[in-house]
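> Fold the following.
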Amino acid sequence: MTEPKNVLFVCVENTGRSQMAEAFFKKYAKNQFNVISAGTSPSSHLNPVVVSVMNELGIDLENQKPQLLSSSMIENSNKTVNMGCMDKESCPSLFVKDVDDWNIEDPKGKSIEDVRKIRDQIKNDVLNLLNSIESDT
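Alright, predicted model coming up:
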């Protein structure tokens, strides 16, 4: 049996997009992969609107905490996805080679309707990523 692949979702604050991607990946990958998310400049807590829109789909992010992107996370990742950048100075794609960049809008400060659209886009992108990874194995 082969070791599960490591998938890493990165953004700047790790409070919204990457957290949603990690949660969707965990839900749909069914433990076939190790998945984590992190940020280059993590905030102290998740975006409450993100927590709310994920709860609408039965995904609880209440106990998730933003975490700092480390070099070991990058080195041990088989697949790294950058969610998008608010500012170029702390953009994760500056630090990671061979990264997929999804360029997803940041939910910070957005209305609940806009965050739902971002959530649905992330869900779709995660499902597409899963399909491509599973077809590679």
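> A strand includes Val7, no?
Yes - judged by DSSP: H, G, I helix; E, B strand; the rest coil, Val7 forms part of a strand.
> what residues are up against it?
25, 29, 33-36, 77-81, 129, 133 (Cβ atoms under 8 Å, 6 or more residues apart in numbering). To be clear about C-beta, it is placed using only N, CA and C from the backbone, and glycine gets the same treatment.
> Could I get the buried residue list for the worst-scoring helix or strand of the chain on mean pLDDT?
Least confident helix or strand of the chain, by mean pLDDT, DSSP states H and E, is strand 99-101 with a mean of 81. By 16 or more other Cβ atoms under 10 Å, the buried positions in strand 99-101 come out as 99-100.
> burial count for Pro66?
By other Cβ atoms under 10 Å, the residues close to Pro66 number 21.
> How about Val10?
The burial count for Val10: 28, using other Cβ under 10 Å.
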